[in-house]
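K.L.:
Quick one, fold the following:
(chains A, B, C and D)
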2 protein chains.
Amino acid sequence: MVDVARAAGTSQKTVSRVVNAEPGVTPETAERVQRAIAELGFRRNDGASHLRRGTSTASLGLVLEDLAGPFYAAVTAAVERRAREHGHLLLTGSADGDPGRAARLVEAFANRRVDGLLIAPNLVGDEVLTAHLPPDVPAVLLDRPSADGSTDEVLSDNAGGIDAAVDHLVERGHRRIAYLGDDDRYWTARRRRDGFLAACARHGLPTDGLVAMNARDPEAAATAEAAWLAGGSPVTAVVTGNNVASTALLRHLHGRPGRRPAHVGFDELDLADLLDPPLTTVAQDAAGIGRAAVDLLFERIADPALPPRRVVVPTRLTVRGSSPSPS
Amino acid sequence: MVDVARAAGTSQKTVSRVVNAEPGVTPETAERVQRAIAELGFRRNDGASHLRRGTSTASLGLVLEDLAGPFYAAVTAAVERRAREHGHLLLTGSADGDPGRAARLVEAFANRRVDGLLIAPNLVGDEVLTAHLPPDVPAVLLDRPSADGSTDEVLSDNAGGIDAAVDHLVERGHRRIAYLGDDDRYWTARRRRDGFLAACARHGLPTDGLVAMNARDPEAAATAEAAWLAGGSPVTAVVTGNNVASTALLRHLHGRPGRRPAHVGFDELDLADLLDPPLTTVAQDAAGIGRAAVDLLFERIADPALPPRRVVVPTRLTVRGSSPSPS
DNA sequence: TGCGGCCATGACAACGTTGTCAAAGCGAGC
DNA sequence: GCTCGCTTTGACAACGTTGTCATGGCCGCA
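P.N.:
Have a look, this model is predicted:
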């Protein structure tokens, strides 16, 4: 900027005025400055500007478990869009299953003075998470609750979605329903399993030996199925707890002879309608979750004294062909 | 930091030394400083540090068309991981089909002094792109080439992938093959179409009336199919140019009576193996593309004088059930 | 005891920017 | 002609940090 000032024959301050379109600069002077800027390829250093102004950095940090999955990709896209609408940029980072990495990302974002944090890593334990959440940076938890209810959070209606799935199957006449969940280190996987148990209890259905977790591949699904079959009276329907478990079960059943159990999968799948049979799903509103989280975060930034809030985003059951009545 | 110094009864400089683990500080002094830091919740301002040191900001900027799609989500995840391995953070932004937005993102990233830019928005025209690429920030184009070959770029082997698809179909005995592509404002869509035309020419196959673009939904696929049918001798195979076109065709054909054409789809689909018939695909190496782009960018940052380079990442044909011999 | 040298520490400036305040220029009104 | 007030401009400090250099104390050795 000092170079631009010299080239334009003015002071730094005048250059600053031009750059920031402040009033009180003669058109001719502004012209000269603009020309100097163009010639020298000057570009304002936003970091220095933020430092001097003491204003926010106009950026948010998003910490995820893994950016590549369809659900988190959709959440991220919605978050970025919403942040952009607020004039903010988005820093993203994946924890990749390593709580230490998540903590380091949070630290790095905080040191860069992001205005707020969106924290979604599902594999990170509550203790770690709570211990490492910087007290001086507004934060919203995404898709997982805080251990002590001290933090704003946005969750899918996991219990409601599972209820809808079970109710639907019961309505169709199923009485022996199994549950297949993802890695039980995930809070959502446990939450949905518990929701399943509660829904079954509500309907007076058995669950002994019908609930299996850590079903991340077809082999695990096969093992779980074998356990159900060993249990005497047959399972006529299965609920899978997320897209990973759904895919594992679908792959296991694919091309096998014999009757398939009815199947409702938590999480929408891109091609659910093209499967044979088309998969009945409980879809999460990823975009809605992302938007709600950003909105919550900005409200928190605006008023840090607000009591902690929880937003629950509804799910939607889409009935397709995979969940007919039994036999 | 001045507060910490006061609390610890030292000078700012000593606090700085402790914060940066510089040698030459008595253990007791360091202790006192650490305690003051913990008490006051001090956190170094990385922005100020970067400013003073004149070092890089240890961040990269990634501009995409849309973060939500599976391909770009995978690319982004790989980019973030690789950037993190280099100790860099990642700023992401979607252009959402608006070239102006892409330009503003690039500008915003540059003003924040990112060390480099990864630019992938496919919808942005060459002119706009070239005109708005800041000359002072290292950049790598991702999944699209530069108009004048002046910029580093990482591309999928689009022509090779299409060749593999056509060769495969020809080998199986197909002689009338149609092509269904996505929005022809996408460079990749045009590139793959041209690759298809070249491959057919190489094999001496007809293409008149067999190539349709902008097939983003089942209706468009239906229209295209009607055009092929009107052409006398039947089309026995179709190549779709990306996951959007593949899905459009699959939805159109789904549940229809009669013989299906053989089908090879560019882009892997998550559930390709579960479709009926399982879809033969040409998979792009999204992670490889992301990694290559980051590596290229760091080499460019290290040596801005390097001549522009192009990296072509291979695709992989996975033959499944959807591409049998005709009749 | 005196001197050189090392070690721990601090004062100060500077990174690039902008808010504050003062000064200079100029026209209008008396 | 003089003052008043407005507009345009610039000097300076400060944001939070760190590199440079100086200072003062201590130890070891002659």
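K.L.:
Only C-alpha atoms, please: export stretch A:62-81 in PDB.
P.N.:
Provided in PDB are the C-alpha atoms of stretch A:62-81 (Å, rounded to 0.1, in the frame of the first residue of the first chain):
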ATOM      1  CA  LEU A  62     -16.400 -26.700  10.100                       C
ATOM      2  CA  VAL A  63     -15.000 -29.900  11.600                       C
ATOM      3  CA  LEU A  64     -16.400 -33.200  10.300                       C
ATOM      4  CA  GLU A  65     -15.700 -36.800  10.600                       C
ATOM      5  CA  ASP A  66     -15.200 -37.300   6.900                       C
ATOM      6  CA  LEU A  67     -16.100 -35.000   4.000                       C
ATOM      7  CA  ALA A  68     -16.500 -37.600   1.400                       C
ATOM      8  CA  GLY A  69     -19.800 -39.300   2.600                       C
ATOM      9  CA  PRO A  70     -23.000 -38.100   0.900                       C
ATOM     10  CA  PHE A  71     -24.700 -36.900   4.100                       C
ATOM     11  CA  TYR A  72     -21.800 -34.800   5.200                       C
ATOM     12  CA  ALA A  73     -21.100 -33.500   1.700                       C
ATOM     13  CA  ALA A  74     -24.700 -32.300   1.600                       C
ATOM     14  CA  VAL A  75     -24.400 -30.700   5.000                       C
ATOM     15  CA  THR A  76     -21.200 -29.000   4.100                       C
ATOM     16  CA  ALA A  77     -22.600 -27.600   0.900                       C
ATOM     17  CA  ALA A  78     -25.500 -26.200   2.800                       C
ATOM     18  CA  VAL A  79     -23.300 -24.700   5.500                       C
ATOM     19  CA  GLU A  80     -21.000 -23.100   2.900                       C
ATOM     20  CA  ARG A  81     -23.900 -21.600   1.100                       C
END
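K.L.:
Mind checking if that stretch is in reach of chain B?
P.N.:
Yes - using Cβ under 8 Å from any Cβ of the partner chain, stretch A:62-81 comes into contact with chain B via A:66-70, A:72-74, A:76-78, A:80-81. To be clear about C-beta, it is placed using only N, CA and C from the backbone, and glycine gets the same treatment.
K.L.:
What about those, which are in helices?
P.N.:
A:Pro70, A:Tyr72, A:Ala73, A:Ala74, A:Thr76, A:Ala77, A:Ala78, A:Glu80, A:Arg81 (DSSP state H).
K.L.:
The fifth one: neighbour count?
P.N.:
Counted with other Cβ atoms under 10 Å in any protein chain shown, the neighbours of A:Thr76 add up to 26.
K.L.:
Which pLDDT value goes with it?
P.N.:
You'll see A:Thr76 listed with a pLDDT of 97.
K.L.:
The third one now?
P.N.:
What the model reports as pLDDT for A:Ala73 is 96.
K.L.:
and it, what does it touch?
P.N.:
By Cβ atoms under 8 Å, 6 or more residues apart in numbering or on different chains, the residues touching A:Ala73 are A:Leu67, B:Leu67, B:Ala68, B:Gly69, B:Pro70, B:Tyr72, B:Ala73, B:Thr76.
K.L.:
phi, psi of the first one?
P.N.:
Dihedral angles phi and psi of A:Leu67 (degrees, to the nearest 10) take the values phi -70, psi -20.
K.L.:
Give me the buried positions along stretch A:244-264.
P.N.:
Buried residues in stretch A:244-264, counted by 16 or more other Cβ atoms under 10 Å in any protein chain shown: A:244-254, A:260-264.
K.L.:
where along chain A do the strands fall?
P.N.:
Using DSSP state E, the strands of chain A run over residues A:59-64, A:89-94, A:116-119, A:139-142, A:152-156, A:177-180, A:211-212, A:237-240, A:262-266, A:280-283, A:310-313, A:316-318.
K.L.:
Please identify the deepest-packed of the ones you listed.
P.N.:
With neighbours defined as mean count of other Cβ atoms under 10 Å in any protein chain shown, the strands of chain A peak in mean count at strand A:237-240, which reaches a mean of 30.
K.L.:
right, is that one up against chain B?
P.N.:
No - figure legend: strand A:237-240 not in contact with chain B (Cβ under 8 Å from any Cβ); closest approach 13.5 Å.
K.L.:
So which elements touch that strand?
P.N.:
Where contact means 3 or more Cβ pairs under 8 Å, 6 or more residues apart in numbering or on different chains; DSSP states H and E, strand A:237-240 is packed against helix A:158-171, strand A:177-180, helix A:243-253, strand A:262-266.
K.L.:
Packing partners of the shortest one?
P.N.:
Secondary-structure packing of strand A:177-180 (3+ Cβ pairs under 8 Å, 6+ apart): helix A:158-171, helix A:187-203, strand A:211-212, helix A:218-229, strand A:237-240, helix A:243-253.
K.L.:
And for the longest one?
P.N.:
Judged by 3+ Cβ pairs under 8 Å, 6+ apart, the packing partners of helix A:158-171 are strand A:177-180, helix A:187-203, strand A:237-240, strand A:262-266, strand A:280-283, strand A:316-318.
K.L.:
Residues contacting the longest one, please?
P.N.:
Applying Cβ under 8 Å, 6+ apart, the external contacts of helix A:187-203 come out as A:122, A:143-145, A:156, A:158-159, A:161-163, A:165-167, A:170, A:177, A:179, A:181-184, A:206-207, A:211, A:213, A:239, A:241-242, A:266.
K.L.:
State the distance from the residue nearest to A:Ser156 when sequence neighbours are not counted to A:Asp167.
P.N.:
Spatial nearest neighbour of A:Ser156, excluding adjacent residues (Cβ to Cβ, 6 or more residues apart in numbering or on different chains): A:Gln284 at 4.6 Å. A:Gln284 is 18 Å from A:Asp167, where distance means Cβ to Cβ, to the nearest Å.
K.L.:
sorry, back to before: could you dump the contacts of A:Ala73 into CSV and include distance to DNA strand C?
P.N.:
Shown next, in CSV, are the contacts of A:Ala73 (distance: Cβ to the nearest atom of the strand, whole Å):
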residue, distance to DNA strand C
A:Leu67, 32
B:Leu67, 30
B:Ala68, 34
B:Gly69, 36
B:Pro70, 39
B:Tyr72, 32
B:Ala73, 34
B:Thr76, 29
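K.L.:
hmm, back to that, between the buried residues of stretch A:244-264, which sits nearest A:Ile301?
P.N.:
Lowest distance from A:Ile301 to the buried residues of stretch A:244-264 (Cβ to Cβ) belongs to A:Val244, with 34.0 Å.
K.L.:
Quick one: closest of the helices and strands packed on helix A:158-171 to DNA strand C.
P.N.:
Closest of these to DNA strand C is helix A:187-203, at 42.7 Å (criterion: Cβ to the nearest atom of the strand).
K.L.:
And for the residue of the stretch 101-250 of chain A found nearest DNA strand D, the neighbour number?
P.N.:
With Cβ to the nearest atom of the strand, the shortest gap between the stretch 101-250 of chain A and DNA strand D falls at A:Asn111, namely 8.4 Å. Counted with other Cβ under 10 Å, residues neighbouring A:Asn111 total 16.
K.L.:
ok, it touching B:Asn45?
P.N.:
Yes - taking Cβ atoms under 8 Å as the definition, A:Asn111 is a contact partner of B:Asn45 at 7.3 Å.
K.L.:
Can you tell me which residues in chain A are near DNA strand C?
P.N.:
Within reach of DNA strand C by Cβ under 7 Å from any atom of the strand, chain A has these residues: A:1-2, A:12-13, A:15-16, A:19-20, A:22, A:42-45, A:48-49, A:51-53.
K.L.:
That concludes my questions; thank you for your assistance.
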